[in-house]
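# okay, structure incoming, though there's no sequence with it:
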Ligand SMILES: Nc1ncnc2c1ncn2[C@@H]1O[C@H](COP(=O)(O)OP(=O)(O)OP(=O)(O)O)[C@@H](O)[C@H]1O
Ligand SMILES: [Mg+2]
């Protein structure tokens, strides 16, 4: 049996190639993702090591809430206390500033990587190593920079550069270029590092009287743990003493959690590909078994048992699986590189390091490559087993499939269960993990259910889709008949495309709903005329710009008022729950943004002790105007604030809003996340030309500010609207590119099915050619068949996608999406794209069909 | 013969498969003319080259040497596309089995060569053909809903639909019982008598051959004998002397 299977496989090289292609692609994708993220992980592990440095212990504040960069600094007096502890040899105070120290090059461009942070440090003698005989920064107007940044941006020692800090911009002379981590090799993953003399750094970063942490070395021969204890005793509560090892682990964990998100997102896309591939392989095996039905019947007739027959199908699957796994692993390593390049092109800046193939990856690859093929072959193998010996004699024998009613029940039940799981996931689940699990499981069930159902309506659907085509002549009539003749095959071929398009359609709906919500908010609730943000803002709370920018704009007569905004995620503790916080200049913010105040007022609120809250939260906690709220901040302090206003629109400020004064009291971070401005004299009631004139003046006035601070951009309403939309679109583009891979695989599936169908219909094709069908007409018939299948899959997918998308839009919090919007035009264009894709998929099968020798084809058995 | 025009002819036709030891001369110097409106039967033992002759005459295959003509058109000078169009417009086909496209209805199968050509079928003519072969009530059925005899009737109708200059039929009744076969043969006879259709038919059956105007005997790729106005008995007699 083994020899027969092998021979059979080798005989049908093209079929074998097509079947393996889908598996190879899935395996390669999974391997690529793992290999790339593993290489990222290694790079970051190296960085974590270097960040921990060579000191033994660190003293820093205890932090329970908020981001690492919001950790409260240590009072400078502590240094003296620590120095006196027995066993402490050296105390190095460290100050740093996260992501808001940006060097400006000679051309006036901000040197800010997109992704990795722009860091500022006090000079760290045991971690920074000068190269080329430069000098450490020692005077108040000197700085040093890492070798990677210097090289990439042609920074030259001796030159003076402006540097944007969290408080202000200042010129510094570049005195040295250093490597970070080791004297031989710079540990750089794209971050920029500017280093200053300690006191200069403190002044520039706004850390008067404090250090971020103290780094200690222990006298040689002393037990680190006992010194750690002694120091802890000396500094008392509120501060903690941690080992370098602990810091390394902490940092590595932080990096890992980011990489894991990245890894999981990519794996989700890989999983989609695997899922699509499963459809295709299953379909291929199905077709292959039905094509071999006579041969298998003959085997049965001469004495092979049903078990032997099904075993030969499994064996074929196993061979395909093993082969694909091996090839897929090889390609996956290449793909890992390609994936990184792709992501870099799309705006990420990922460090380059050797792509890694860990044993875990190989195990996954084998599990997927072999598992998927074996799983896909179960149903075809069971069908093959039931082939009766009589099949050898009757040429029109068909495989027994599940009956229509059984299909309806089974498919309907699966789709319904899937829908319920989806609903639970979207609306009832609480943790991210359970949401994702339920949604993924639900979606898979919906897809399989739909696919089980779809053969029952594939025939009429193909007939309807093909109806308009029949006007274009006989080729199209034949195409339509072919697409409708084996509904199961058409349905499962279309199924692969359905999955991709459902996801694309869903992303389209969610994206369009996001845009619509954003635009509605902008149009209805935003009164400000100008918007100022960091050039690489995104939604990273650590990306800020200095207050000086705001001051310069405030000084311009063309602008009436400027409001600063800051935000931080999960850094407040209210009533036992962590909360996000927004800040604004309350006295003026009502002129800029309309948060639909229900009760109270922001303008008249007490900025020092006031807080505003969204209605839902207020109702939850039973708050009303004048209620006291206990709020704990990342610095460990708890304030009792008074509710001054209740607002209805949470798309602007989330749930909690305080004045910047409150922020400045509890956060060391001084940079501003966002600012809005009103143009003097501007009003929507003014005639259009006067509006334009005022805007033009404002633009001219603000230009020197953005020139001075190249880290920020200032946009008027129209520009802001556009740039926000562009940002959203480029985000969607990333998703579409990743989904495109699954579409490519679905196309392979269509090509595969067509090729097998062409083979099966060889005689028919011969007959058509004999009675006068030209090659061109034949190609057209196959092409249109492909188009019908593709459009069927696309429509199915988009219908599901719209349902998913609308459900997601409803489930996503109102602050992000408050109306579901279906982009019909866009969806229609996907159908057109799918139709074109169908044409592409048909190229090879059509060419093959048209080249068949007429006489051979007619006498084909 | 001079009074009739020529529907098709072969001149010194050779068809050789393989070479050296394995060389097979399927056609070994055939000269034959099919006059318009004539019904010819071709007989001969298995492997004598009957099918090969039909295929080469009909432009489905090419001769190794010599020339085949449809009307005055020499086939070897035609491109693949021209040949296809010639088949579509001027030649009819009936095979032993598998004559129909399963996804098309009987009616669509009948008009297939016309629709391929983008021509409007001459409905009157089509109706006449369909009525004659007795398919009027089966016209919307798919081939798998038709009996073997009905399927062959559809095939005959399709061959007649374009009023081709010649119809080639390769054992058209080989797969049918004698009653059904005789019906089909009568239709073909009728097409010759009533509409002046030219037909060339391969058969192994003497009584089928007796429907033709003449019988041509092939052995080893050569024409060895010819018989006009055959009856089953004369055909059997002739076969005996040849087979002897
Ligand atoms: N493609 C081919 N390759 C090699 N030899 C061939 C090929 N086709 C036909 N032949 C040979 O040519 C000869 C004539 O074949 P042909 O099919 O014309 O015979 P036939 O008279 O139609 O026989 P039958 O009555 O069995 O149909 C045979 O010897 C056959 O083996
Ligand atoms: Mg023959």
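Great, that's in hand. As the structure is a prediction and not an experimental result, all values here were calculated from the model. Numbering: from 1, shown residues only, chains lettered A, B, ... in the order given. Ligands and ions are numbered 1, 2, ... in the order given.
# count the neighbours of residue 205 for me.
Chain wasn't specified; assuming chain A. Residue A:205: 26 surrounding residues under other C-beta atoms under 10 Å in any protein chain shown. For glycine as for every other residue, the C-beta is placed from the backbone atoms N, C-alpha and C.
# oops, I was thinking of chain B
18.
# just the one 10 residues further on next, same as before
Close neighbours of residue B:215, defined as other C-beta under 10 Å, add up to 24.
# try residue A:13
There are 9 residues near residue A:13, going by other C-beta under 10 Å.
# report pLDDT for the residue of chain B found nearest chain A.
Nearest residue of chain B to chain A: residue B:88, at 2.1 Å (C-beta to the nearest C-beta). What the model reports as pLDDT for residue B:88 is 89.
# tell me the contacts of it?
A:771-774, B:113, B:116-117, B:162 (C-beta atoms under 8 Å, 6 or more residues apart in numbering or on different chains).
# quick check: phi and psi at the nearest residue to residue A:795 once chain neighbours are set aside.
Spatial nearest neighbour of residue A:795, chain neighbours left out: residue A:831 (6.7 Å); criterion: C-beta to C-beta, 6 or more residues apart in numbering or on different chains. When read as degrees, to the nearest 10, the backbone of residue A:831 gives phi -60, psi -40.
# quick check, residue A:831 in contact with residue A:792.
No. If you go by C-beta atoms under 8 Å, residue A:831 and residue A:792 don't touch, sitting 10.3 Å apart.
# the more surrounded of those two?
residue A:792 (28 against 17).
# pretty sure the more buried one contacts residue A:461?
Yes. Using C-beta under 8 Å, residue A:792 is in contact with residue A:461, at 5.5 Å.
# hmm, which two among the contacts of residue B:88 are most spread apart?
Farthest apart among these by C-beta to C-beta are A:774 and B:162. That separation is 15.3 Å.
# need the contact list for residue B:55.
Counting by C-beta under 8 Å, 6+ apart, residue B:55 has contacts A:855, B:61.
# now it: how far from residue B:14?
Residue B:55 sits 14 Å away from residue B:14, going by C-beta to C-beta, to the nearest Å.
# residue A:197 too?
101 Å.
# between these two, tell me which one has more neighbours.
Neighbour comparison, residue A:197 and residue B:14: the larger count goes to residue A:197, with 21 against 17 (by other C-beta under 10 Å).
# what's the pLDDT at that one?
94.
# state which helix of chain B is the longest.
Looking across chain B with DSSP state H, the single longest helix is helix B:178-195.
# any idea of the mean pLDDT for the longest helix seen in chain A?
In chain A, assigned by DSSP H, the helix with the most residues is helix A:244-291. Averaged over helix A:244-291, pLDDT sits at 83.
# past it, which element shows up next along the chain?
Per DSSP states H and E, the first helix or strand lying C-terminal to helix A:244-291 is helix A:293-301.
# elements contacting that following helix?
In this structure, helix A:293-301 packs against helix A:306-345, with contacts taken as 3 or more C-beta pairs under 8 Å, 6 or more residues apart in numbering or on different chains; DSSP states H and E.
# tell me the buried residues in the helix it packs on?
A:309-317, A:319-321, A:323-325, A:327-329, A:331-333, A:335-337, A:339-340, A:343 (16 or more other C-beta atoms under 10 Å in any protein chain shown).
# residue A:503: neighbouring residues, count only.
Around residue A:503 there are 25 other residues, counting by other C-beta under 10 Å.
# if I pick it, what's in contact with it?
With C-beta under 8 Å, 6+ apart, residue A:503 has these contacts: A:272, A:739, A:742, A:801.
# list the buried residues in stretch A:588-608.
Those would be A:588-590, A:592-597, A:600, A:602, A:605, A:607, for stretch A:588-608 by 16+ other C-beta under 10 Å.
# from the residues you listed, which two are the most distant?
Maximum pairwise distance in the buried residues of stretch A:588-608, criterion C-beta to C-beta, is 20.7 Å, between A:596 and A:607.
# residue A:615 reaches residue A:648, doesn't it?
Yes. Using C-beta under 8 Å, residue A:615 makes contact with residue A:648 at a distance of 5.3 Å.
# re earlier: just the closest of the contacts of residue B:88 to ligand 1, please.
Nearest to ligand 1 out of the contacts of residue B:88 is residue A:771 (C-beta to the nearest ligand atom; 20.1 Å).
# okay, the closest one: pLDDT?
86.
# and it, what are its phi and psi?
Main-chain dihedrals, residue A:771, degrees, to the nearest 10: phi -90, psi 10.
# out of everything not next to it in sequence, what's closest to it?
residue B:113 (5.1 Å).
# give me the neighbour count for that neighbour.
Neighbours around residue B:113, by other C-beta under 10 Å: 28.
# how close does the residue of the stretch 401-550 of chain A found nearest ligand 1 get to residue A:546?
Distances between the stretch 401-550 of chain A and ligand 1 by C-beta to the nearest ligand atom are smallest at residue A:478, namely 27.6 Å. Distance of residue A:478 to residue A:546, computed by C-beta to C-beta: 71 Å.
# tell me which of these two has more neighbours.
Comparing residue A:478 with residue A:546 by other C-beta under 10 Å, the one with more neighbours is residue A:478, at 28 against 23.
# now do the SS call for the more buried one.
helix (DSSP: H, G, I helix; E, B strand; the rest coil).
# which residues touch it?
If a contact means C-beta under 8 Å, 6+ apart, then residue A:478 has A:768, A:781, B:101, B:103-104 as its contacts.
# relative to ligand 1, which of these is nearest.
For these, the nearest to ligand 1 is residue A:768 (20.6 Å; C-beta to the nearest ligand atom).
# and stretch B:158-170, how far out from the chain's middle?
Taking the mean C-alpha point of stretch B:158-170 and that of its whole chain, the gap between them comes to 7 Å (C-alpha atoms, centre = their mean, to the nearest Å).
# so what's the residue count around the closest residue in space to residue A:150 that isn't next to it in sequence?
If the residues on either side of it in the chain are set aside, residue A:150 comes closest to residue A:177, at 4.7 Å by C-beta to C-beta, 6+ apart. Look at residue A:177: counted by other C-beta under 10 Å, it has 23 neighbours.
# would you map the strands across the stretch 451-600 of chain A?
Under the criterion DSSP state E, counting those that start in this stretch, the stretch 451-600 of chain A carries strands at the ranges A:530-534, A:559-574, A:577-584, A:597-600.
# determine which stretch of the ones you listed is the most buried.
Burial of the strands of the stretch 451-600 of chain A is given as mean neighbour count (mean count of other C-beta atoms under 10 Å in any protein chain shown); strand A:530-534 ranks first at a mean of 24.
# mind listing which of the contacts of residue A:503 are in strands?
Residues of those located in strands (DSSP state E): none.
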